[in-house]
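**Q** I would like to see how this sequence folds:
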Amino acid sequence: MKSARWYNARDIRVETIEEPQIQPGKVKIKVEWCGICGSDLHEYAAGPIFIPVEVAHPVSKELAPIVMGHEFSGKVAEVGEGVTKVKVGDPVVVEPILSCGECAACKKGKYNLCDSLGFHGLSGGGGGFSEFTMVDEHMVHKMPEGLSFEQGALVEPAAVALHSVRLSKLKAGDKAAVYGAGPIGLLLIDALKAAGASEIYAVELSPERIAKAKELGVTAVINPAEEDVVAKLQQLTNGGVDVAFEVTGVPAVLQQCIDSTSFEGETIIVSIWESNASILPNNIVLKERSVKGIIAYRDIFPAVMELMKQGYFTAENLVTERIALDEIVDKGFNALMREKNQVKILVKP
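**A** Here you go, the predicted structure:
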């Protein structure tokens, strides 16, 4: 079967590999659509981050080259012995977290905080940038009626956004700022609307992404190339937002997020970082602010799909390009690197 495999930074190859053979407790999936994630882009530009290179991943037991792709939907092609959750032909999405099940976090049910955290499509074991992939039964969620496979490919990134809001201190009626209106930022805007935020501000440079944020109905968009973001947010909100979400991974932005919150405000770091970021601790201490990081999601895919049925996280608002697997490097990864007008690119294996 055809697949896209990561060999090194700036080295992803579309090549033919063996199709996975069904095993007990496993579900084999024919992939319909797979999105290119910001994490994929980090691995392409400056990896490895999650990709195991020198030592095999403790859960997948694999190391590079690995098949990429973790935001995907598909149809069940085969089920292994003992599988009861789904049947052949079911439309499904995959919660791609790899966890050990044995560490302290796993034993408390917080599998996204596993000491051996990995991702199907980033840490070995197969991935969505292939015609077929195979996962453990517990990773599979049947899609409800009415959701397209394109919508299914957005469940994973939408889960990141919803988990970020759920773990924040935001309450209905609070004010929020989202720094970065890329795919996760735009999904965060929808998650904040679902959570009852009274005012939502987006901070973004790209005219196309600014337009997308406005389509989603944000209170205002601030362009950091044209205005002092912190001063403008403090002015618009009469003292700062209750919660700011950092979704850019740009070092200078983190301090802006912190400074744009009110006293006792909170900053949620959603990005995966390629470099260090410096902050001024006194700007946290003197206002009793807090800073919190989140990673991935847990126990949330069904809730995301229910919100999708209500009209949140729609593909129409996010998908800017649909490409074939053979085009994934030039029209996928390279396009996202050079074209800031792109939001979400879906790949058809």
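
**Q** from Thr261, how far off is the residue in the chain sticking out farthest from the centre?
**A** Each residue of the chain has a distance to the centre, and by CA atoms, centre = their mean the biggest one is for Leu286: 32.7 Å. From Leu286 across to Thr261, the span is 12 Å (CB to CB, to the nearest Å). C-beta coordinates here come from the backbone N, C-alpha and C atoms, glycine included.

**Q** where along the stretch 1-150 of the chain do the helices fall?
**A** Using DSSP state H, counting those that start in this stretch, the helices of the stretch 1-150 of the chain run over 38-46, 104-107, 149-152.

**Q** please save the CA atoms from the last one in CSV.
**A** Right, the one you point to is helix 149-152. Extracted in CSV, the C-alpha atoms of helix 149-152 (Å, rounded to 0.1, in the frame of the first residue of the first chain):
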residue,chain,number,x,y,z
PHE,A,149,-15.5,11.8,6.7
GLU,A,150,-14.1,15.3,6.3
GLN,A,151,-15.7,16.2,9.6
GLY,A,152,-14.3,13.1,11.0
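
**Q** chain center to that helix, what's the gap?
**A** Helix 149-152 has its C-alpha centroid displaced from the chain centroid by 15 Å (CA atoms, centre = their mean, to the nearest Å).

**Q** buried residues in that helix?
**A** Within helix 149-152, the residues that count as buried by 16 or more other CB atoms under 10 Å are Phe149, Glu150, Gln151, Gly152.

**Q** on contacts alone, who are the packing partners of it?
**A** Secondary-structure packing of helix 149-152 (3 or more CB pairs under 8 Å, 6 or more residues apart in numbering; DSSP states H and E): strand 26-35, strand 71-79, strand 91-94.

**Q** where exactly do the strands run in the stretch 151-300 of the chain?
**A** 175-179, 199-203, 220-222, 241-246, 261-269, 290-293 (DSSP state E, counting those that start in this stretch).

**Q** report how many residues lie close to Ala46.
**A** 12 (other CB atoms under 10 Å).

**Q** still on that earlier bit, most tightly packed of the helices of the stretch 1-150 of the chain?
**A** helix 149-152 (a mean of 22; mean count of other CB atoms under 10 Å).

**Q** show me how the protein divides into domains.
**A** The chain is divided into the following domains under automatic domain parsing: 2-154+313-348, 158-293.

**Q** what's the closest of those to Val304?
**A** Relative to Val304, the nearest member of the domains of the chain by CB to CB is domain 158-293, separated by 4.8 Å.

**Q** now do the end-to-end distance for that closest one.
**A** 17 Å (CA to CA, to the nearest Å).

**Q** could you do stretch 106-115 as well?
**A** 8 Å.

**Q** again, but for stretch 294-313
**A** 20 Å.

**Q** one more: stretch 148-161?
**A** 20 Å.

**Q** what does stretch 326-334 give?
**A** Stretch 326-334 has its terminal residues 13 Å apart, counting by CA to CA.

**Q** now what about it, what contacts it?
**A** 2, 4, 12, 14, 36, 40-41, 44, 129, 321, 323, 345, 347 (CB atoms under 8 Å, 6 or more residues apart in numbering).

**Q** can you pull the contacts of the closest residue to Gly240 other than its chain neighbours?
**A** Distance criterion CB to CB, 6 or more residues apart in numbering; nearest residue to Gly240, sequence neighbours excluded, is Ser262 at 3.5 Å. Contacts of Ser262 were listed using CB under 8 Å, 6+ apart, and they are Thr237, Gly239, Gly240, Val241, Asp242, Lys287.

**Q** I figured Gly127 was touching His120, is that so?
**A** Yes. If you go by CB atoms under 8 Å, Gly127 and His120 touch, sitting 6.2 Å apart.

**Q** overlap in contacts of the two?
**A** His70, Thr133.

**Q** number of nearby residues for Asp11?
**A** Asp11: 13 neighbours (other CB under 10 Å).

**Q** same question, the one 3 residues further on
**A** When counting by other CB under 10 Å, one arrives at 17 neighbours for Val14.

**Q** beta partners of it?
**A** Bridge pairing for Val14 (DSSP bridges) gives the partners Ala4.

**Q** confidence score at it?
**A** pLDDT, Val14: 98.

**Q** for Gly249, see how far away it is.
**A** From Val14 to Gly249 the distance is 27 Å (CB to CB).

**Q** again with Val241
**A** Counting by CB to CB, the gap from Val241 to Gly249 is 20 Å.

**Q** what about those two, which has more around it?
**A** Val241 (27 against 19).

**Q** quickly list what that one is bridged to.
**A** Here Val241, judged by DSSP bridges, has bridge partners Thr261.

**Q** thought it was touching Lys175?
**A** Yes. Using CB under 8 Å, Val241 makes contact with Lys175 at a distance of 4.5 Å.

**Q** mutual contacts of these two, please.
**A** Glu199, Tyr201.

**Q** residues in contact with the residue nearest to the spatial centre of the chain?
**A** In the chain, the residue lying closest to the centroid (CA atoms, centre = their mean) is Pro157, at 3.4 Å. Pro157 makes contacts with Gly35, Cys37, Glu71, Pro183, Ile184, Leu187, Lys344, as judged by CB under 8 Å, 6+ apart.
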